[in-house]
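[1] Can you look at this prediction? I've put the sequence above it.
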Amino acid sequence: MRFVLAYLTVFILGIFAVMGIESILFGPLTPKLIFAAILFAAPLVLVGATAAEIYYGFSKNATRARFLLYGLIYGFLATILTISIVRVGPLGITLLISLFGGVIGAALASIFYRLRGGSTNSGKAAR
């Protein structure tokens, strides 16, 4: 049950994060951009939350610092891949927006970790 709560919270916040990045890149939000934010955020959050759940459940090394690091890396790579598909602008803008996406990914990973239990002894591997 905690996974469902953590996933839904991160999913909704992920949609708002993608809408924020879209508003930085494209200006005012339109219904088309909001729909695109949902379509981009859904698979990214699903993959990220599934990987986080596997890591959280089966690792003895699951700490908040590692979740922050892996969230930063995942957010950076996911944003850079998404922006490179859309081809928004010059490399500097892409890297700055991707770094912002990495910070958002780290924040979402920290929220997921806290809602999931927030303890290194919570996973099955810890028993």
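    Noted; the coordinates are in hand.
[2] switch to C-alpha atoms for all contacts and neighbour counts from now on
    Fine.
[3] Could you look up the SS state of Gly57?
    What DSSP: H, G, I helix; E, B strand; the rest coil gives for Gly57 is helix.
[4] what about it, neighbour count?
    When neighbours are counted by other Cα atoms under 10 Å, Gly57 registers 18.
[5] distance of it from Phe67?
    Gly57 sits 13 Å away from Phe67, going by Cα to Cα, to the nearest Å.
[6] Repeat that for Ala42.
    Ala42 is 20 Å from Phe67, where distance means Cα to Cα.
[7] And for Phe26?
    Applying Cα to Cα, one obtains 30 Å for the distance of Phe26 from Phe67.
[8] do Ala52 as well
    According to Cα to Cα, Ala52 stands 8 Å off from Phe67.
[9] Neighbour count for the two, which is higher?
    A direct count of neighbours by other Cα under 10 Å for Ala52 and Phe67 places Phe67 higher, at 23 against 20.
[10] Tell me which helix or strand that one sits in.
    helix 64-86 (DSSP states H and E).
[11] what's the answer for Val18, then?
    Val18 belongs to helix 2-26, assigned by DSSP H and E.
[12] Identify each buried residue in that helix, please.
    Neighbour-count burial for helix 2-26 flags 3, 6-8, 10-11, 13-22 (criterion: 16 or more other Cα atoms under 10 Å).
[13] and the angle for it with helix 64-86?
    Here helix 2-26 runs at 40 degrees with respect to helix 64-86, directions being taken by axes from the mean of the first three to the mean of the last three Cα atoms, to 10 degrees.
[14] So which elements touch helix 2-26?
    Here helix 2-26 touches helix 31-58, helix 91-116, going by 3 or more Cα pairs under 8 Å, 6 or more residues apart in numbering; DSSP states H and E.
[15] Next, the angle helix 91-116 makes with the first one.
    Taking the same axes, to 10 degrees, helix 31-58 and helix 91-116 form an angle of 50 degrees between their directions.
[16] what helices or strands is helix 31-58 leaning on?
    Here helix 31-58 touches helix 2-26, helix 64-86, helix 91-116, going by 3+ Cα pairs under 8 Å, 6+ apart.
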